[in-house]
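# structure, please.
(2 chains)
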Amino acid sequence: QQQVKQSPQSLIVQKGGISIINCAYENTAFDYFPWYQQFPGKGPALLIAIRPDVSEKKEGRFTISFNKSAKQFSLHIMDSQPGDSATYFCAASRQSGGYNKLIFGAGTRLAVHP
Amino acid sequence: KAGVTQTPRYLIKTRGQQVTLSCSPISGHRSVSWYQQTPGQGLQFLFEYFSETQRNKGNFPGRFSGRQFSNSRSEMNVSTLELGDSALYLCASSRRDGSYEQYFGPGTRLTVT
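This next block holds a predicted model:
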């Protein structure tokens, strides 16, 4: 019940295309869903996050879509650029009750070709 | 505002030794969480400290321990190192008072030989 399943494992997209990464969770107590971007040799950087009371959140070229009934959420990267090539992690946590523990998906390695 | 800093960045230790890693959170952040990242297991939560108290703990053996100081800086210690402890150890800080966003440092790359 603590797992977050992420797909695909790797993704190749042409420059200007849309990158879509999906995650699914089981624990309905999760109430915070962030996405992180990690470049080689760096720590994960917080990209965007959503809470279950919102179905979509957009920040620049990055959009999270959230489907509470299906227990799924996804990251869409519009107009993908070579500089977006990185590993992306979805995560979930149950912040109500004071839990500050992130459960991460396995990661998606994105390559954007020029 | 300076980000999360971790020292050292790289470390090579021998099996059986112990190691201490350090993390300085973003100014004003009172919570520090530690994560282990390996190719096989991915990113796994170790523990969280807030106001010098351990608030959450992951599923790691007792060889992994930590502490937090009054200035919110944190250290984690791994005793009796095993080859499987080779990993990138990441520290993340958050305010925790209404905002649980976690910001990661660059990590400490630990290699156990």
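
# element containing the residue nearest to A:G83 when sequence neighbours are not counted, please.
Excluding the flanking residues, the one nearest A:G83 by Cβ to Cβ, 6 or more residues apart in numbering or on different chains is A:V112, at 7.8 Å. For the C-beta atoms, the positions are set from N, CA and C on the backbone; glycine is no exception. A:V112 is part of strand A:108-113 when elements are defined by DSSP states H and E.

# which residues touch that strand?
For strand A:108-113, contacts defined as Cβ atoms under 8 Å, 6 or more residues apart in numbering or on different chains pick out A:6-15, A:17, A:19, A:21, A:77, A:80-89.

# do that again at 10 Å, thanks
Counting by Cβ atoms under 10 Å, 6 or more residues apart in numbering or on different chains, strand A:108-113 makes contact with A:6-17, A:19-23, A:37-38, A:75, A:77, A:80-90, all of which sit outside it.

# buried ones in that strand, by neighbour count?
Within strand A:108-113, the residues scored as buried using 16 or more other Cβ atoms under 10 Å in any protein chain shown are A:T108, A:L110, A:V112.

# up against chain B, what does chain A have?
For chain A, the residues in contact with chain B (Cβ under 10 Å from any Cβ of the partner chain) are A:2, A:4, A:6, A:31-32, A:34, A:36, A:38, A:41-46, A:49, A:89, A:91, A:93, A:95, A:98-107.

# and stretch B:103-113, how far apart are its ends?
The first residue of stretch B:103-113 is 30 Å away from its last residue (Cα to Cα, to the nearest Å).

# from the chain's centroid, how far away is that stretch?
8 Å (Cα atoms, centre = their mean, to the nearest Å).

# does chain A sit close to it?
Yes. Applying Cβ under 10 Å from any Cβ, one finds stretch B:103-113 in contact with chain A at B:Y103, B:F104, B:G105, B:P106, B:G107, B:R109.

# in that stretch, what's buried?
Within stretch B:103-113, the residues that count as buried by 16+ other Cβ under 10 Å are B:Y103, B:F104, B:G105, B:P106, B:G107, B:T108, B:R109, B:L110, B:V112.

# do the same with stretch A:41-48
Across stretch A:41-48, burial judged by 16+ other Cβ under 10 Å covers A:G43, A:P44, A:L47, A:I48.

# just to revisit the earlier point, given the strand holding A:V112, what are its sheet partners and their directions?
Here strand A:108-113 has these sheet partners by DSSP bridges: strand A:10-14 (parallel), strand A:86-92 (antiparallel).
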